[in-house]
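Undergrad: What follows is a protein structure lacking sequence information:
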């Protein structure tokens, strides 16, 4: 049986995104696993993540579907709410360590908020996917100020993961529709297609129409996950700022969404596998192991964040019964078993 997942170009962005989210939510059934390799799996003798609890629960029907997460210096969280998957307004929400949440930016109907990040001055940057050319792009929220768009992006794209380089001058955004990484001046300006490559694109023969998804800047390189291909890529940034040769860290992350690192010095990755309802640990040598599953309460995990020994997971709640939430667990460093580079 052939299942067509082609999305007509004329389809409104909201419908395209909702279709893509629905496909991602059922990827366990649809993806027959050419990207997963049992040979790369390795088990830990004891749990890597324990004491997993719901920090904050949300109402999916109101559009509160957590997509991306940043941990702030005061241990509060900035979380992007999709909105569009439920036909509602997107939002940026701040979650206190107590779990209490507050909307800090409310979006427009039919738009989607995806990746967000923060600089040392407390400015929050976030991606807006929109069919309205006056809103699609990268936005900035100053402390105590009002949001403004700092760079336009194509309405036919889907800006997803977002990261800031250590200098605080350049933002990198993954475009899931165009197989592209964009660069944007943090001070504002024109977006530039930094890299467009087949490794960032969706698999045209596969069931999932989203390519480049999560994005992090780590140790002099841009790291990108590709949902359709189940890959994690490392792209060095050269001395001139250009992309270097793409290195495939692993091909064993079926249904991967966004991800994050154990810390700034480590190449250990915690990756949200939306399509499999799992969180995977990726070792520096590319081997992987599953550390959280639906048994831990996962509900369409979309991204991860780490602060100290705390692991945070956003759950979009795409599948019934739509348990949209943010979870918090405890990492056991002794169980990582990742060698000296952990």
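TA: Happy to help now that I have it. Model, not experiment: these values are computed from the prediction.

Undergrad: and the helix or strand that contains residue 289, how far from the chain's centre?
TA: Using DSSP states H and E, residue 289 sits in strand 288-292. Centroid separation for strand 288-292 versus its chain: 17 Å, with CA atoms, centre = their mean, to the nearest Å.

Undergrad: What is the neighbour count of residue 229?
TA: A count of neighbours around residue 229, defined by other CB atoms under 10 Å, yields 25. For every residue, glycine as well, the C-beta is placed using N, CA and C.

Undergrad: what are the phi and psi angles of it?
TA: Main-chain dihedrals, residue 229, degrees, to the nearest 10: phi -100, psi -10.

Undergrad: what element comes up after the strand holding residue 289 heading to the C-terminus?
TA: Elements were assigned by DSSP H and E; along the chain past strand 288-292, the next helix or strand is strand 301-307.

Undergrad: Against which helices or strands is that next one packed?
TA: Helices and strands touching strand 301-307, by 3 or more CB pairs under 8 Å, 6 or more residues apart in numbering; DSSP states H and E, are strand 66-71, strand 256-261, strand 269-273, strand 278-282, strand 310-315.

Undergrad: now, of these, which is deepest in the fold?
TA: strand 269-273 (a mean of 28; mean count of other CB atoms under 10 Å).

Undergrad: Kindly tell me how buried residue 322 is, as a neighbour count.
TA: The tally of other residues near residue 322 (other CB under 10 Å) stands at 18.

Undergrad: Quickly note the distance from it to residue 61.
TA: Distance, residue 322 to residue 61, using CB to CB, to the nearest Å: 7 Å.

Undergrad: tell me the centre residue of the chain?
TA: Per CA atoms, centre = their mean, the C-alpha nearest to the average position across the chain is that of residue 258, at 2.8 Å.

Undergrad: Make sure it is actually in contact with residue 114.
TA: No - proximity of residue 258 to residue 114 does not meet the contact threshold set by CB atoms under 8 Å, at 9.1 Å.

Undergrad: got the contact list for residue 238?
TA: residue 244 (CB atoms under 8 Å, 6 or more residues apart in numbering).

Undergrad: Can you read off the backbone torsions of it?
TA: Residue torsions, per degrees, to the nearest 10, at residue 238 are phi -70, psi 170.

Undergrad: again with the one 3 residues further on
TA: In terms of degrees, to the nearest 10, the main-chain angles of residue 241 are phi 90, psi 0.

Undergrad: got a list of what it touches?
TA: Taking CB under 8 Å, 6+ apart, one finds residue 170 in contact with residue 241.

Undergrad: what about it, distance to residue 122?
TA: Using CB to CB, residue 241 is found at 26 Å from residue 122.

Undergrad: can you count the residues close to residue 119?
TA: 14.

Undergrad: right, and it touches residue 186 too?
TA: Yes - assessed by CB under 8 Å, residue 119 is found in contact with residue 186 at 6.8 Å.

Undergrad: what touches both of these two?
TA: Contact criterion CB under 8 Å, 6+ apart; residues shared by residue 119 and residue 186: 125, 164, 168.
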